[in-house]
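Q: no sequence for this one, just the structure:
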């Protein structure tokens with residue numbers, strides 16, 4: 001790593017002095033990238049689904065984490081990176097994919113070295129998912145593949161619309177009593193399932209605190225979230241063991257919703273909506 005950093009510093013100095021991209025892999029105008037490195041879990045998964053054979057070289061370490069990633073099996077085919085500029089530079093990518101919140105120092109340095117970096121914002125709706133996959137298809141020269149993924153996702157969403165249950169209310173409750181209000185991917189998932197998000201009804205937007213007292217007064221039909229695990233004590237998860245919360249869960253349908261289905265947007269996001277809709281089907285319709 002020391003040698004790599006020395007190379008980075010020297011290369012950055014040359015690139016800055018020359019005002020040109022001298023150190024990265026050569027870019028070929030009009031041709032799809034041939035060696036792509038992804039630094040972000042969401043771009044990892046988009047690229048794994050869209051990239052052509054041999055086009056994607058490396059994914060982030062989160063892509064091989066079964067708690068976070070839907071495509072763990074697929075991720076094992078690629079080199080794993082840890083978001084460090086040194087290791088990415090030595091991979092000689094002609095395109096780096098990053099999230100808008102990916103390690104800024106790495107992204108900035110790679111750009112100084114003349115390496116092309118494209119950033120993707122987090123997905124907060126199915127429209128964001130569509131736009132992200134279409135953009136990925138354009139960047140990788142795989143437009144038809146990306147369009148096919150979006151088309152299949154849209155067909156699955158249409159199928160969900162056949163069984164709406166707007167009378168069923170859902171509370172998405174996470175550690176530290178956070179919930180997902182309007183403008184979040186979880187809210188979009190609840191809407192796709194044809195259900196009503198308690199947080200939206202309460203006027204909450206984005207990731208927001210939902211106090212336990214307010215949760216109790218809201219009397220949700222369903223409580224959705226990842227089942228907490230208590231391998232070690234965690235203050236963040238105290239809200240799940242509070243006696244009042246246990247009363248809420250006892251009276252509502254509890255839906256374990258794996259985080260890997262909601263962290264990033266993709267065709268797999270529809271599976272989270274299916275899980276919610278299947279759970280709602282167990283609740284008698286109100287007359």
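A: Looks like it came in fine. Predicted model only: the values in this text are computed from it and were never measured.
Q: dump the residue contacts of residue 140.
A: Residue 140 sits next to 32, 33, 36, 47, 50, 51, 52, 55, 95, 146 when contact means Cβ atoms under 8 Å, 6 or more residues apart in numbering. Using the backbone N, CA and C atoms, a C-beta is placed for each residue, glycine as well.
Q: my guess is the third one contacts residue 56, does it?
A: Yes. Here residue 36 lies in contact with residue 56, judged by Cβ atoms under 8 Å, at a distance of 4.9 Å.
Q: what touches both of these two?
A: residue 47.
Q: how close does residue 69 sit to residue 48?
A: 9 Å (Cβ to Cβ, to the nearest Å).
Q: between these two, which is the more surrounded one?
A: residue 69 (23 against 20; other Cβ atoms under 10 Å).
Q: which SS state does that one fall under?
A: The assignment at residue 69 comes out as coil when based on DSSP: H, G, I helix; E, B strand; the rest coil.
Q: quick check: it vs residue 209, distance?
A: 28 Å.
Q: and residue 102, how far from residue 152?
A: Residue 102 is 28 Å from residue 152, by Cβ to Cβ.
Q: looking at these two now, which is surrounded by more residues?
A: More neighbours surround residue 102 than the other of residue 102 and residue 152, with 21 against 12 (other Cβ under 10 Å).
Q: can you pull the contacts of the more buried one?
A: Residue 102 neighbours (Cβ under 8 Å, 6+ apart): 39, 40, 83, 119.
Q: pretty sure the first one sits against residue 100.
A: In other words, residue 39. No. Applying Cβ under 8 Å as the test, residue 39 and residue 100 come out as separate, 11.5 Å apart.
Q: for those two, indicate the residue with more neighbours.
A: residue 39 (28 against 11).
Q: all strands for the stretch 101-250 of the chain, in order.
A: With strands called from DSSP state E, counting those that start in this stretch, the stretch 101-250 of the chain shows them at 117-120, 169-172, 178-180, 196-197, 207-209, 222-225.
Q: the ones you listed: which one's closest to residue 87?
A: strand 117-120 (14.8 Å; Cβ to Cβ).
Q: related to what we said a few turns ago, anything in contact with each of residue 69 and residue 48?
A: Joint contacts of residue 69 and residue 48 (Cβ under 8 Å, 6+ apart) are 63, 75.
Q: for the nearest residue in space to residue 171 that is not next to it in sequence, give its distance to residue 175.
A: Of all residues not flanking residue 171 in the chain, residue 220 sits nearest, at 3.8 Å (Cβ to Cβ, 6 or more residues apart in numbering). Using Cβ to Cβ, we find residue 220 at a distance of 18 Å from residue 175.
Q: who has more neighbours, those two?
A: Shown here are residue 220 and residue 175; by other Cβ under 10 Å, residue 220 has more neighbours (24 against 15).
Q: mind listing what that one touches?
A: 169, 170, 171, 198, 248, 252.
Q: also residue 226?
A: When contacts are counted by Cβ under 8 Å, 6+ apart, residue 226 touches 174, 256, 257, 258, 259.
Q: count the residues that sit near residue 245.
A: Residues within reach of residue 245, counting by other Cβ under 10 Å, total 18.
Q: just confirm it contacts residue 213, I think it does.
A: No. Using Cβ under 8 Å, residue 245 is not in contact with residue 213; the gap is 10.9 Å.
Q: now the residue nearest to residue 196 when sequence neighbours are not counted: how far from residue 199?
A: Leaving aside its sequence neighbours, residue 196 sits nearest to residue 169 (Cβ to Cβ, 6+ apart; 4.9 Å). Residue 169 is 10 Å from residue 199, where distance means Cβ to Cβ.
Q: more neighbours, the two?
A: residue 199 (30 against 22).
Q: out of everything not next to it in sequence, what's closest to the more buried one?
A: Of all residues not flanking residue 199 in the chain, residue 181 sits nearest, at 4.1 Å (Cβ to Cβ, 6+ apart).
Q: state the pLDDT value of the one you found.
A: Per-residue pLDDT puts residue 181 at 95.
Q: alright, that wraps it up for me.
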